[in-house]
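1. here is my input, please return the structure:
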Amino acid sequence: MVIVVLPKQIYLTPLKTHKIPSPVLKWAGGKTQLLPQLRERYSPKLRKGTLTTYIEPFVGGGAVFFDIVNSFDIQKAYLFDTNPELIILYKVIQQDVESLI
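-> Take a look at the predicted model:
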């Protein structure tokens, strides 16, 4: 797993070497309840397996991110958010989840 540490960003690759969890927190504006409708709008390239990089400009609670990486062959993911504490949380989960638990 490689992380490029830039402000407000986390870069994850390869994703399939680790178990991908479900969203870890509730988030204002979260999309969990909308996933059935959102799935209908996912790119056909995901289903074909030709789209293997995922970019999330506003990750928030990550419902769409977790749904996509658990359902499709995503090899790289770039997660962004304007909340630096949220990005720190995802980095801690990625690098040292035991210290968080």
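2. name the nearest residue to the residue most central in space within the chain, sequence neighbours excluded.
-> Nearest residue to the geometric centre of the chain (CA atoms, centre = their mean): Phe65, 3.7 Å. Leaving aside its sequence neighbours, Phe65 sits nearest to Glu56 (CB to CB, 6 or more residues apart in numbering; 5.0 Å). Bear in mind the C-beta positions are built from the backbone N, C-alpha and C, glycine included.
3. kindly report the same for Ile55.
-> Tyr78 (4.7 Å).
4. secondary structure class for the one you found?
-> Following DSSP: H, G, I helix; E, B strand; the rest coil, Tyr78 is assigned to strand.
5. tell me how many other residues crowd it.
-> By other CB atoms under 10 Å, 17 other residues sit near Tyr78.
6. cool, Gly29 as well?
-> When neighbours are defined as other CB under 10 Å, Gly29 has 8 of them.
7. burial check on Ile74, number of neighbours?
-> With other CB under 10 Å as criterion, Ile74 counts 22.
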